[in-house]
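*Asks:* this one's structure only:
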């Protein structure tokens, strides 16, 4: 019996020591809930509004920081939405760093609908945390929402992040972002301009990572991700009832203040077919790798699509891709006769396949493409 108690006591000591080594909690001595016994910070630190937050550095606690690394790459998948834009089978988003602590993506759906998403480190309520800027132009109207990280749950099989309007606390708008291996689900909720008592689905995007090479130059250039402050929102939202903005003048971090990004003016013409149907669309497609090899279409390289837009064939001229990531690109254009948005037999495209161009940081490029060849 004595031997049993000695063995039990020894095991208990080992167990307590092991759990002590693994104990998680708030490890920042400046926080209200600092835990002197915690060995690993779990992101739970809270602060008094009157306390002073030390300058951010690599040792700072940044709530939601791990999402910045997970977003890099070209993601593709369907969107389900009850909005006037409706569902669409494929949405392609090219996330790349634009600073050491910020990652973004811009998409033009057509001439009047576009979206810009950006994740970056901010300071708010005496904490460092990741912010999500989501919005753009919708049927000629501007709407930009700012949501700040509210909850994080990361383990070996998945990672979950919730971003909420910091003023309404999630009753106005919020977004859930979930990662599982190389898949992503972004689910945005809104109460439709305060017309509903609780937010409902605004958009649900289910995507897979198609390419993680296109972002590597930016990752290396910025040594991304780093713990650097992008925006101090400490007093930005004071006096507001929500963090949704409907004009560029009111926007606290408008697109024209985003670093590193440039613009591309695509000049496009149609010489074949000779008669343009008014209802037909032209698809301008920009990839980071060529789609053709010796005249042979390489369908797998569609995974490298970075930007695209549908424009009316009757309005040939110039289309500008705004806030575009610097890099090397290839341009192709399709006169989409059957309206499927694909390189299909009977459609027309440029016979000079894969028009190359390069965009520099904060620069402008102006490639030209002529549609003159019917796809066999």
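*Replies:* Ah, there it is. Here the structure is a predicted model, which means the values were calculated and not measured.
*Asks:* so what's the gap between stretch 290-305 and the chain middle?
*Replies:* The chain centroid and the centroid of stretch 290-305 are separated by 25 Å under C-alpha atoms, centre = their mean, to the nearest Å.
*Asks:* same check, this time on stretch 212-224
*Replies:* On C-alpha atoms, centre = their mean, the centre of stretch 212-224 falls 15 Å from the chain's centre.
*Asks:* list the contacts of that stretch.
*Replies:* Here stretch 212-224 makes contact (C-beta atoms under 8 Å, 6 or more residues apart in numbering) with 68-69, 72-74, 94-101, 103, 260, 288, 304, 306, 325-327. No exception for glycine: its C-beta is placed from N, CA and C like everyone else's.
*Asks:* show me these that map onto helices.
*Replies:* Of those, the ones assigned to helices by DSSP state H are 68, 69.
*Asks:* buried subset of the contacts of stretch 212-224?
*Replies:* For the contacts of stretch 212-224, a burial check counting by 16 or more other C-beta atoms under 10 Å picks out 68, 72-74, 94-101, 103, 260, 288, 304, 306, 325-327.
*Asks:* restricted to strands, list the contacts of stretch 212-224.
*Replies:* 73, 74, 94, 95, 96, 97, 98, 99, 103, 306, 327 (DSSP state E).
*Asks:* tell me the one among those nearest to residue 346.
*Replies:* residue 306 (26.3 Å; C-beta to C-beta).
*Asks:* just checking, the closest one touches residue 287?
*Replies:* Yes. If you go by C-beta atoms under 8 Å, residue 306 and residue 287 touch, sitting 6.2 Å apart.
*Asks:* okay, and the common contacts of these two?
*Replies:* Shared contacts of residue 306 and residue 287 (C-beta under 8 Å, 6+ apart): residue 329.
*Asks:* for the stretch 101-250 of the chain, which segments count as strands?
*Replies:* 102-108, 113-124, 127-138, 141-154, 159-164, 173-180, 183-190, 200-211, 231-232, 244-245 (DSSP state E, counting those that start in this stretch).
*Asks:* how far does stretch 77-92 sit from the chain's center?
*Replies:* 16 Å.
*Asks:* gap between the two ends of it?
*Replies:* 7 Å (C-alpha to C-alpha, to the nearest Å).
*Asks:* buried residues in stretch 365-376?
*Replies:* 365, 367, 369, 370, 371, 372, 373.
*Asks:* oh, that last question was meant for stretch 352-360, not what I typed.
*Replies:* Neighbour counts over stretch 352-360 (16+ other C-beta under 10 Å) mark 353, 354, 355, 357, 359 as buried.
*Asks:* helix, strand or coil for residue 302?
*Replies:* Of the three states, residue 302 takes helix under DSSP: H, G, I helix; E, B strand; the rest coil.
*Asks:* which non-adjacent residue is nearest it?
*Replies:* residue 291 (7.0 Å; C-beta to C-beta, 6 or more residues apart in numbering).
*Asks:* give the contact list for the one you found.
*Replies:* Applying C-beta under 8 Å, 6+ apart, the residues near residue 291 are 285, 297, 298, 301, 302, 330, 332, 343, 353, 354.
*Asks:* close enough to count as contact, the fourth one and residue 285?
*Replies:* Looking back up the chat, that one is residue 301. No. Applying C-beta under 8 Å as the test, residue 301 and residue 285 come out as separate, 11.0 Å apart.
*Asks:* could you give the angle of the helix or strand where residue 286 lies to strand 200-211?
*Replies:* Remark: residue 286 resides in strand 281-287, with elements defined by DSSP states H and E. Computed by axes from the mean of the first three to the mean of the last three C-alpha atoms, to 10 degrees, the angle separating strand 281-287 from strand 200-211 equals 50 degrees.
*Asks:* strand 281-287 pairs with which strands, and in what direction?
*Replies:* strand 305-312 (antiparallel), strand 327-336 (antiparallel) (DSSP bridges).
*Asks:* residues touching it, excluding its own?
*Replies:* Here strand 281-287 has contacts from 264, 266, 268, 270, 291, 301-302, 304-313, 316, 319, 321, 329-336, 339, 341, 354, 369, 371, using C-beta under 8 Å, 6+ apart.
*Asks:* pLDDT (mean, whole number) over it?
*Replies:* For strand 281-287, the mean per-residue pLDDT is 97.
*Asks:* any idea how far that strand is from the chain center?
*Replies:* 21 Å.
*Asks:* other residues contacting the helix or strand just after that strand?
*Replies:* Counting by DSSP H and E, the element after strand 281-287 in chain order, helix or strand, is strand 292-293. The contact list for strand 292-293, computed with C-beta under 8 Å, 6+ apart, reads 298, 353, 354.
*Asks:* surely the last one touches residue 290?
*Replies:* Okay, so that is residue 354. Yes. With contact defined as C-beta under 8 Å, residue 354 counts as touching residue 290 (4.1 Å).
*Asks:* SS state for residue 314?
*Replies:* helix.
*Asks:* what pLDDT does residue 43 get?
*Replies:* 62.
*Asks:* ugh, typo on my part, it should be residue 196
*Replies:* For residue 196, pLDDT reads 85.
*Asks:* and it, how far is that from residue 220?
*Replies:* Using C-beta to C-beta, to the nearest Å, residue 196 is found at 45 Å from residue 220.
*Asks:* which of the two has more residues huddled nearby?
*Replies:* residue 196 (13 against 10; other C-beta atoms under 10 Å).
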